[in-house]
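Enquirer: Provided below are the primary sequence and the corresponding predicted coordinates.
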Amino acid sequence: MEDNVIVDSSFTAVINAPIGAIDIPAWCFSLPDKEYQGCSPAHVAAGATTAPDGRRMSINVEVIGGTPMVQHYVEKHAEPHHLVLESVSDLFTAAGRTTMVVMWELSVAPLDDGRCEFTNHVRTWATEEFTAYLDRQGIPFDVFRAQRQPFSRAHNAGETPLFAASLERYALRQAAKG
């Protein structure tokens, strides 16, 4: 799968809340639509459901580099301080619909008693369908990858501090509830 990597980007931001107050899966799977939209101008909608096997799913709609995407993130690993989600995401382009795999990994690590470092790590891979889509258009994979990376990295860099702020608000609300 490494030969088909399109983007691998990771950014960090500080959360002003103690590590014990952080529960990334609880935040992710209860994230209100408006809150998700507030984490990036590219975010259109978000919701939660379950996969056929019962695992939790986060459904996100966003537009990256002018391409609308519907992400069907299925829970792969969930602990309060570490969440890994994987999606076979739908892309809607002028040349038709296709898919790519997106791995979204969120984690926190303590900095001190009242602060954490939040990491937003996103990796994308081409599916066979996506490779065929590029081939039909005569677009070399390396050319597509080079064009896509700046959009995806900029998106991740922009949403990371806003996700951290959202997670911080969630953690502090939960801590206040007792």
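Expert: Okay, I see it. Being a predicted model, the structure only gives us computed values, none of them experimental.
Enquirer: now the helices for this structure?
Expert: Using DSSP state H, the helices assigned to the chain run over residues 24-28, 33-37, 128-137, 141-177.
Enquirer: got the buried residues for the longest one?
Expert: Translated: helix 141-177. 144-145, 148-149, 151-153, 155-156, 159-168, 170-171 (16 or more other CB atoms under 10 Å). Using the backbone N, CA and C atoms, a C-beta is placed for each residue, glycine as well.
Enquirer: equivalent analysis for the first one, please.
Expert: Neighbour-count burial for helix 24-28, with 16+ other CB under 10 Å as criterion, is recorded at 24-28.
Enquirer: what of the third one?
Expert: Buried positions in helix 128-137, judged by neighbour count with 16+ other CB under 10 Å: 130, 133-134.
Enquirer: got the contact list for the most centrally placed residue in the chain?
Expert: The chain has residue 104 as the residue nearest its centroid, 4.4 Å off, counting by CA atoms, centre = their mean. Counting by CB atoms under 8 Å, 6 or more residues apart in numbering, residue 104 touches 71, 73, 84-87, 120-122.
Enquirer: pLDDT score for it?
Expert: In this model, residue 104 is scored at 98, pLDDT.
Enquirer: likewise for the one 10 residues further on?
Expert: According to the predicted model, the pLDDT of residue 114 comes to 94.
Enquirer: for the remainder of this discussion, apply numbering that starts at 45.
Expert: I'll keep to 45 as the first residue from here, and by that count the last item is residue 158.
Enquirer: number of residues surrounding the closest residue to it other than its chain neighbours?
Expert: In this structure, residue 158 finds its nearest non-sequential neighbour in residue 62, 5.4 Å apart by CB to CB, 6 or more residues apart in numbering. Applying other CB atoms under 10 Å, we find 16 residues neighbouring residue 62.
Enquirer: OK, contacts around residue 62?
Expert: Residue 62 makes contact with 154, 157-160, 219, according to CB under 8 Å, 6+ apart.
Enquirer: of all the contacts of residue 148, which comes closest to residue 50?
Expert: Using CB to CB, residue 166 comes nearest to residue 50 of the contacts of residue 148, at 10.3 Å.
Enquirer: export the buried residues of helix 172-181 to TSV and tack on pLDDT and distance to residue 85?
Expert: Listed next are the buried residues of helix 172-181 as TSV, based on pLDDT from 0 to 100; distance: CB to CB, whole Å:
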residue	pLDDT	distance to residue 85
174	96	25
177	96	27
178	96	27
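Enquirer: perfect, I'm done here.
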